[in-house]
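1. Let me see the structure of the following:
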Amino acid sequence: MTTRALVLGGGGSLGNAWEIGVVAGLYAGGVDVRAADLIVGTSAGATAAAQITSEAPDVLLAQALAEQYPQRPAAPPAGAGGRSDAPRVNYVQLTGDIITGSADPVDMRRRLGAASLAAEGALDPDAIAARLAQVASRLPSQEWPAQRVVLTAVDAVTGEEVLYDRESGVSLADAVTASTSMGFGGPAHAIDGRRLLDGGYRANENADLAAGHDRVLVLSPFGGRSRHPEEWGTRLAAHIENLRAQGSDVRSIFPDDDSQEVFAGNMMNLAQRPAAARAGFEQGQVLADQIVAFWV
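-> Residues are numbered from 1 along each chain as shown. Next comes the predicted model:
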C-alpha cells in the first residue's frame, strides 16, 4: 500500500494563511492532501496541521479571507518577554550571530534557548497561560486528530528536538503552542516543567521526519530557504535529497510570485492574511492537476 506524508513548514502568520489556501486550492481541484498517513507540522505549519485535520478546507479558507486587521506592519520582536524596562532585541541579528557562532545544530539550539530565556527573565505563568489560550482559540478542535500528526518543538535548555503526537500525553493546544513559541518576543512555552521553543529552530520544514513514506508533499512558505549552514544538512534541499535516496517520491510547493508579493518580506503582517490565503488558494488550484497524478 502506498503511504503518503504531508509536511507543513513554518512561515509566520502569512505562511499559515498561505498553507491553508494551498490545501483548499488543491482540495477544490480534487486533491485532498489531508488524507495523508502522516502530517508533520512546524511552527505556523503546526497550527495549519491542527486546523486542516479538524475543519473542512473551504471553511478554513472562508475564515481566513474574512479576517480583518489594521493595515500596518507587525512590530519587530522585542526581547522583554513583556517587561517594559528591558531593551529591545534585534531578532534577526541576534539569531544570525548565534547561528554563525555555533558548532552544530544542537549547539545552536542550546544557545538560542539560553538567549531566549535570558531575554524573557523570570518565568511568568500568566503570560504562558495567556498565549496558550490564544493559540487554542485558533484551533477548530482541541482534540488530536485520529490520523498521525507530528508537531515539532525544541527544548530551550538542552537544544534537543521534541516531537509531539497524540500518544505524547500532551494536549493539542500545548503542542501547537510549543511549536510556535519563537521566544525573545514572548515566553518559551512550558509543559511539565520543560521550556520549549519553536520547531523551526530545528529546521523550517523538518521534512526528514517523513522518512519511510512512499510519497512526500512539502509546503514551504519560506521556499526552502534557511539561514543554517549548508554543511549542517538541515536545509530542505538536503532533506529532500536524503528522502529520495531512501526511495521516497518527493514534491514541494513554494510560494509563487504572487504569493511572494503578498508576503513582501514580512511574514507576520496580519493585515495580509486574507491576501496570502487567496494567493495560496489560487496557486493550489493551478497545481492540482500536477499534484493529483503524484498523490492519488
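2. report the longest strand in the protein, please.
-> strand 148-155 (DSSP state E).
3. Run me through the strand neighbours of the next helix or strand after that one, direction for each.
-> Of the helices and strands lying after strand 148-155 in sequence (DSSP states H and E), the nearest is strand 161-164. Paired with strand 161-164 in the same sheet, following DSSP bridges, are strand 148-155 (antiparallel).
4. Going by neighbour count, list what's buried in the partner strand.
-> 149-155 (16 or more other Cβ atoms under 10 Å). Where C-beta positions appear, they are placed from N, C-alpha and C, glycine not excepted.
5. repeat for stretch 112-124
-> Buried, per 16+ other Cβ under 10 Å, within stretch 112-124: 112-113, 115-117, 119-120, 124.
6. ok, so of those, who is nearest Q68?
-> D124 (29.9 Å; Cβ to Cβ).
7. Kindly provide the distance from the closest one to R131.
-> 10 Å (Cβ to Cβ, to the nearest Å).
8. same thing with V296?
-> On the measure of Cβ to Cβ, V296 and R131 end up 39 Å apart.
9. of the two, who's got more company?
-> R131 (16 against 12; other Cβ atoms under 10 Å).
10. now for the helix or strand containing that one, which elements pack on it?
-> Secondary structure from DSSP H and E places R131 in helix 125-137. In terms of contacts (3 or more Cβ pairs under 8 Å, 6 or more residues apart in numbering; DSSP states H and E), helix 125-137 is packed against helix 172-179, strand 189-191.
11. The same query, at a cut-off of 7 Å, please.
-> helix 172-179 (3 or more Cβ pairs under 7 Å, 6 or more residues apart in numbering; DSSP states H and E).
12. what's the helix it packs on in contact with?
-> For helix 172-179, contacts defined as Cβ atoms under 7 Å, 6 or more residues apart in numbering pick out 41-43, 46-47, 50, 131-132, 135-136, 139, 142-144, 151-153, 164, 189, 191, 196, 198-199.
13. Dump the C-alpha coordinates for that helix into PDB.
-> In PDB, the C-alpha atoms belonging to helix 172-179 read as follows (Å, rounded to 0.1, in the frame of the first residue of the first chain):
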ATOM      1  CA  LEU A 172      -3.000  19.500  21.000                       C
ATOM      2  CA  ALA A 173      -3.100  23.200  22.000                       C
ATOM      3  CA  ASP A 174       0.000  22.700  24.200                       C
ATOM      4  CA  ALA A 175       1.800  21.000  21.300                       C
ATOM      5  CA  VAL A 176       0.900  23.800  18.900                       C
ATOM      6  CA  THR A 177       1.900  26.500  21.400                       C
ATOM      7  CA  ALA A 178       5.300  24.800  21.900                       C
ATOM      8  CA  SER A 179       5.900  24.500  18.200                       C
END
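14. for R166, phi and psi?
-> phi -70, psi -20 (degrees, to the nearest 10).
15. and it, how many residues sit next to it?
-> Quick note: R166 (other Cβ under 10 Å) scores 16 neighbours.
16. where does it land on pLDDT?
-> We have a pLDDT of 98 for R166.
17. Could you do A188 as well?
-> pLDDT, read off for A188, is 97.
18. R83 too?
-> 37.
19. can you check A5 too?
-> Looking at A5, the pLDDT reads 99.
20. same deal with A80?
-> 30.
21. Is D58 in a helix, a strand, or coil?
-> helix (DSSP: H, G, I helix; E, B strand; the rest coil).
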